[in-house]
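[1] no sequence on this one, just coordinates:
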């Protein structure tokens, strides 16, 4: 699987799993996932992209990443960092207004996406 084959929700889920692997000893808080996330996690697990299973504690699930998943998530993390650097550079160059507009546009896009998902869900 390549990053350019993934949509935004898939990339965000993979980034969440990476954070769980690094910061939460591979434990995943299932309440932070929706039905589509669980379906995708199970699909990726069947494909060998990740391992994903159930626990009997607060975290409820666990996840580990394959070498391929680590490669893709590193690309995604780097791309996200580059976008943040670009915003910071605009702020440092004194273009506060454009940087703020970018942030507002991203938030509005996220809200519209969530509202669309609720309509279709």
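    Everything's here; your move. Predicted, not measured: the structure shown is a model, and the values here were computed from it.

[2] And for the worst-scoring helix or strand of the chain on mean pLDDT, what's in contact with it?
    Between all helices and strands in the chain, the lowest mean by mean pLDDT, DSSP states H and E belongs to helix 96-120, at a mean of 78. Applying C-beta atoms under 8 Å, 6 or more residues apart in numbering, the contact partners of helix 96-120 are 8, 87-88, 90-91. Heads up, the C-betas are built off the backbone N, CA and C, glycines and all.

[3] again with stretch 17-29
    Contacts of stretch 17-29 (C-beta under 8 Å, 6+ apart): 16, 41, 50, 52, 55, 57-65, 69-70, 73, 77.

[4] if you set the cut-off to 6 Å instead, what comes out?
    59, 61-65, 73 (C-beta atoms under 6 Å, 6 or more residues apart in numbering).

[5] Out of the residues you listed, which end up buried?
    Buried members of the contacts of stretch 17-29, scored by 16 or more other C-beta atoms under 10 Å, are 59, 61-63, 65, 73.

[6] Lowest-confidence one in those?
    Lowest pLDDT of these: residue 59, 68.
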